[in-house]
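*Asks:* Provided below for reference: sequence and predicted model.
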Amino acid sequence: MQKIDMKEEFLFVKQNENTYVFFLPPNMEAVKVFRQELKNSLDSHKFPNEDVAKIELACDEALTNSISANVASQSDETIICKWRIVDLRFSLIIMDYGRGVPKEKVDKILAGEVSIEKFIKKTPKEEPDSPRVLPYGDKKKIHKNSGQGLKIINNLMDTVKILYHCNDEVSEDPSIESIEGSIVELSFKSSKK
């Protein structure tokens, strides 16, 4: 049985007890709404609070990156977030319409295993290629993009994969000119016994 819930310009679909889909505008207010539904779903599946906090932070960073990518590409396309929870295993796919991070940069970020404490200390004030202003509801606010989101996500999740959609196909290593958006895949397995 599907549960469909309209939250202004957000569409939330609970497909079954394990699968959830959220259609969100590229607007930072979407992060708050998404995070609440995500937390509700994790709580209903009895995830430990520590794991919920890790998943929420990683997903918050991933969605913020997607919104920022859409804004930087001047795209107002809907961002799609789909997650599944089975046996304390969480997986999420976020599809956006931004230009994406070049594969070489993604590979460098994901290859380095640096503690969160170390890269927070090294975090620059802003990432130069990121938009400085992001939409928050009907207003625009300055957003400090530190450029460390993917590192945070990588350190919190068990797996992180970045794909690109190009001309109705999915690619791991497209030419930068053909990218129509990114697909971020995250997964996490709770260690709760």
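*Replies:* Done, it's in.
*Asks:* Quickly find the element holding residue 26.
*Replies:* Using DSSP states H and E, residue 26 sits in no helix or strand.
*Asks:* how many neighbours does the closest residue in space to it that isn't next to it in sequence have?
*Replies:* Spatial nearest neighbour of residue 26, chain neighbours left out: residue 70 (3.6 Å); criterion: Cβ to Cβ, 6 or more residues apart in numbering. (Glycine included, C-beta is placed from N, CA and C.) Close neighbours of residue 70, defined as other Cβ atoms under 10 Å, add up to 26.
*Asks:* Ok, residue 68 next?
*Replies:* 22.
*Asks:* The chain: helices as residue ranges?
*Replies:* For the chain, the helices defined by DSSP state H occupy 29-44, 49-72, 103-111, 116-122, 149-156.
*Asks:* what does the first one rub up against?
*Replies:* Here helix 29-44 makes contact (Cβ atoms under 8 Å, 6 or more residues apart in numbering) with 7, 10, 12, 14, 20, 22, 24, 51-52, 55-56, 59-60, 63-64, 67, 79, 81, 83, 85, 90, 135-137.
*Asks:* still on that earlier bit, quick check: the gap between the residue nearest to residue 26 and residue 99.
*Replies:* According to Cβ to Cβ, to the nearest Å, residue 70 stands 9 Å off from residue 99.
*Asks:* With distance to residue 184 and mean pLDDT added, can I get the helices of the chain in JSON lines?
*Replies:* Output for the helices of the chain, formatted as JSON lines (distance: least, Cβ to Cβ, whole Å; pLDDT from 0 to 100):
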{"stretch": "helix 29-44", "distance to residue 184": "13", "mean pLDDT": "93"}
{"stretch": "helix 49-72", "distance to residue 184": "5", "mean pLDDT": "92"}
{"stretch": "helix 103-111", "distance to residue 184": "10", "mean pLDDT": "70"}
{"stretch": "helix 116-122", "distance to residue 184": "19", "mean pLDDT": "47"}
{"stretch": "helix 149-156", "distance to residue 184": "8", "mean pLDDT": "84"}
